[in-house]
Structures are given as C-alpha cells and as structure tokens.
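Trainee: Provided below for reference: sequence and predicted model.
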Amino acid sequence: MKTGYGDTSQLREGVINNFRWKADFEMVVAPCSRLQTSVLHDEYIDRSIHLKGANKTILVMNKADVS
C-alpha cells in the first residue's frame, strides 16, 4: 500500500491533501541516485512548489544501501 501522491484511495488522498494545505512546509524525499532522471519526483517537487512556494518546499535526497 502506498500513501501520498498518486494513491489509489481517494479518501486517503483527500486526507493527505488536507494536511498539505495546513502544513507550513512540505518535504519531498527522493533517492539521490536517480533524482536527475526521475520524472515522477520532478512532478512531486513541482506540485509542492506550486502549493507551498519554493521557500517552503524542502528537498531531501536520500541514499540507503539495502541488502
């Protein structure tokens, strides 16, 4: 089950969007290895900037090795 953008549950998506509107800042977490080529993460960043503005969007690049 995935939650957040693109969630297939309209109820969950509505709850998430309600929190997004109330939040002071929004954080987008993306893997650093694919950030330059990820169209999906570009869309997440664009949505956040559109909603919150560039000064209230935080981009976190994450790298984790899982074995």
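Mentor: That came in fine, so what should we check first? This structure is a prediction, so every number in the text was calculated from the model and none was measured.

Trainee: Just the element for the nearest residue to Ile45 once chain neighbours are set aside, please.
Mentor: Spatial nearest neighbour of Ile45, excluding adjacent residues (CB to CB, 6 or more residues apart in numbering): Val28 at 5.4 Å. Glycine gets a C-beta too; all of them are placed from N, C-alpha and C. Taking DSSP states H and E as the criterion, Val28 maps to strand 26-31.

Trainee: Buried ones in that strand, by neighbour count?
Mentor: Within strand 26-31, the residues that qualify as buried are Glu26, Val28, Ala30, counting by 16 or more other CB atoms under 10 Å.

Trainee: now swap in stretch 38-50 and tell me
Mentor: His41, Tyr44, Ile45, Ser48, Ile49.

Trainee: And these, which is closest to Ile58?
Mentor: Checking these against Ile58 with CB to CB, the nearest one is Ser48 at 8.7 Å.
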